[in-house]
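Visitor: have a look; sequence and predicted model below, questions after that.
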Amino acid sequence: MTMMPRTITTDEPLLAVSGLTKRYGARIGCADVSFDLYPGEVLGIVGESGSGKSTLLSCLSGHLRPDFGRITYDARDVLAMGETERRRLGRTDWAYVHQNPRDGLRMGVSAGGNVGERLMAIGARHYGDIRDKAADWLGRVEIAADRIDDRPTAFSGGMQQRLQIARNLVTSPRLVFMDEPTGGLDVSVQARLLDLLRGLVRDLGLSVIIVTHDLAVVRLLAHRLMVMKGGRVVEQGLTDQVLDDPQHAYTQLLVSSVLQV
Amino acid sequence: MTDQAYNFAYLDEQTKRMIRRAILKGIAVPGYQVPFASREMPMPYGWGTGGVQVTSACLVPEDRLKVIDQGADDTTNAVSIRKFFQRTAGVAVTEATAEATVIQTRHRIPETPLHEGQILVYQVPIPEPLRFLEPRETETRKMHELEEYGLMHVKLYEDIARHGTIATSYAYPVKVEGRYVMDPSPIPKFDNPKLGQNPAIQLFGAGREQRIYALPPFTEVVSLDFDDHPFEPSKAPHDCDLCGARDSYLDEVITDDRGGRMFVCSDTDFCAGRQADGHRGRLSAVEAVQ
Ligand SMILES: [Zn+2]
């Protein structure tokens, strides 16, 4: 399987992270994590549960405040931002796709309303335009136009996840955080979702940080890979390199266990 | 006669001071929901205990009180609240909007324009306009703080998607002075235009939810809408069958068991005043015969 081509490259990283550390009392959540993410680049973060990958994602996306370290987004110091500015970033430039679509959707609101919410949150006030954009995005995630007024409760798990993706991408964010986006779905549904994600990421030139325990997902989506264990990054590099020629003993174990499956 | 078992207007002075502080804060920050320690009142919550506590904190012996429920002075709810204050405060009462200094209301704004010096007190069941889509109070408070009001328009979007038009006809959300989104209590949206630039002080009391908010005189109040679905303060397309008014909010009244019905002003004082002035409606003669 071939790696995705990186669509855009510039000299300046979109997101620069250095020395990021989060402790829960004496226990380490994640420790001394540093990396740069460039525009159009997809970074996969893999590890078992308890490896610190979820803590790291929460710190990066602003859901959790790290104890130490620095996060710079588009030359702005994220940790020094006020809450208003950070939340504004969270519904414009950034997006977050939850593992469970119920956490990322409003289950009592129609599909069109779910997609339109971010538009309305940033000031869209023309019903017809909002609806047109919502319909366009439903099409892009392969949801039939006549489902626009249905609530997500009437959708299958795969459809719900695609709706969550449309809801997130409608405002053209530049950075998307994904937490196990294919987790909990049937294998055939997973494959279709991965294909869709791959196409969207490529077409929109998105920068993505994707956390998963599934090496097949990062093999297909991620340009670069970070392997975490016990809260620390034990290995990082180009995805194919890390997976085909793992250097760290833990990565070797991870890769071989997948190969045996 | 005042019942001497109670302090003036029932609540003790310390409680009234606490409520007045909340009211003043509400007036200083129009549309902002101020928490207050709601007291047990000798009536059930659904009967407007929030409004009663606000009225109690506002009343002085010289006041003339009017109480309406859905525009009417003579419903059980209005009568019992009026009696409550007659007994505990000994204040004068009136049904005439123009003569009242304090008006407590449930679900209406009087038709007769209010004037400077008057206080209109609303009974509020649910003060939080974001509640129906975001039940977490920590989150709605944050949304107000950061002016994240996209969700209000999601509600209106859903209305149009389902009904082809903004179907919300009561408790229609407004934005106050370009800042706070506010629930005007379950008044018909027909009344919304009276909220803004009103010379009277408007106070909102929610007893069970323990919130007070306010509109000081001449506040800018805008009903939320979409560019292509503008706000419309609609009413039944009829004239009042008793006084002929074409521009007042109407109640539909079933007159017999054979499908007979009539439309009458929900504001009983306004309608009676017009009839006293000689205005007549479609069914006035019938009424006279009865
Ligand atoms: Zn009338």
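Guide: Happy to help now that I have it. Note that the structure is predicted; figures quoted are calculated from it, not measured. Numbers count the residues shown, from 1 in each chain, chains lettered A, B, ... in the order given.
Visitor: can you pull the contacts of residue B:77?
Guide: Neighbour list for residue B:77: B:47-48, B:69, B:106 [criterion: CB atoms under 8 Å, 6 or more residues apart in numbering or on different chains]. For glycine as for every other residue, the C-beta is placed from the backbone atoms N, C-alpha and C.
Visitor: so which bits of the stretch 101-250 of chain A are right by chain B?
Guide: For the stretch 101-250 of chain A, the residues in contact with chain B (CB under 8 Å from any CB of the partner chain) are A:106, A:108-110, A:112-113, A:116-118, A:120-122, A:125-128, A:130-131, A:148-149.
Visitor: residues from chain B in reach of chain A?
Guide: For chain B, the residues found near chain A under the criterion CB under 8 Å from any CB are B:133, B:146, B:148, B:150-151, B:153-154, B:157-158, B:160-162, B:226-229.
Visitor: which of the residues you listed sits closest to chain A?
Guide: When the residues of chain B next to chain A are compared for distance to chain A, the smallest value, 2.9 Å, is given by residue B:150; criterion: CB to the nearest CB.
Visitor: now the closest one: closest residue in space that isn't a chain neighbour?
Guide: Sequence neighbours aside, residue A:121 is the residue nearest to residue B:150 in space, at 2.9 Å (criterion: CB to CB, 6 or more residues apart in numbering or on different chains).
Visitor: where does that neighbour land on pLDDT?
Guide: At residue A:121, the model reports a pLDDT of 93.
Visitor: report the distance from whatever helix or strand residue B:264 lives in to the chain centre.
Guide: Of the helices and strands defined by DSSP states H and E, residue B:264 is found in strand B:261-265. A distance of 21 Å separates the centroid of the chain from that of strand B:261-265, by CA atoms, centre = their mean, to the nearest Å.
Visitor: if you count neighbours, what's buried in that strand?
Guide: Going by neighbour count (16 or more other CB atoms under 10 Å in any protein chain shown), the buried part of strand B:261-265 is B:262-265.
Visitor: what do you get for stretch B:161-169?
Guide: By neighbour count, with 16+ other CB under 10 Å as the criterion, the buried positions of stretch B:161-169 are B:161, B:166, B:168.
Visitor: reformat these as JSON lines; add distance to residue B:52 and secondary structure.
Guide: Conversion of the buried residues of stretch B:161-169 to JSON lines gives the following (distance: CB to CB, whole Å; DSSP: H, G, I helix; E, B strand; the rest coil):
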{"residue": "B:161", "distance to residue B:52": "39", "secondary structure": "helix"}
{"residue": "B:166", "distance to residue B:52": "32", "secondary structure": "coil"}
{"residue": "B:168", "distance to residue B:52": "27", "secondary structure": "coil"}
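Visitor: the ion: which of those is nearest?
Guide: Of all the buried residues of stretch B:161-169, the one sitting nearest the ion is residue B:168; the distance, using CB to the ion, is 25.6 Å.
Visitor: tell me how chain A divides into domains.
Guide: Described in terms of automatic domain parsing, the domain architecture of chain A consists of the residue ranges A:1-93+A:177-261, A:102-172.
Visitor: how much space between the residue in the stretch 1-150 of chain A positioned nearest to the ion and residue B:203?
Guide: Using CB to the ion, residue A:127 is the residue of the stretch 1-150 of chain A that sits closest to the ion, at 35.5 Å. Applying CB to CB, to the nearest Å, the value for residue A:127 to residue B:203 is 34 Å.
Visitor: any idea of the mean pLDDT in the strand holding residue B:264?
Guide: The average of the pLDDT scores along strand B:261-265 is 95.
Visitor: got the CA coordinates for it in PDB?
Guide: Extracted as PDB, the C-alpha positions of strand B:261-265 are listed here (Å, rounded to 0.1, in the frame of the first residue of the first chain):
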ATOM      1  CA  ARG B 261     -66.200  31.000  18.100                       C
ATOM      2  CA  MET B 262     -65.100  34.600  18.500                       C
ATOM      3  CA  PHE B 263     -61.800  36.500  18.700                       C
ATOM      4  CA  VAL B 264     -61.400  38.900  21.500                       C
ATOM      5  CA  CYS B 265     -58.500  41.000  22.900                       C
END
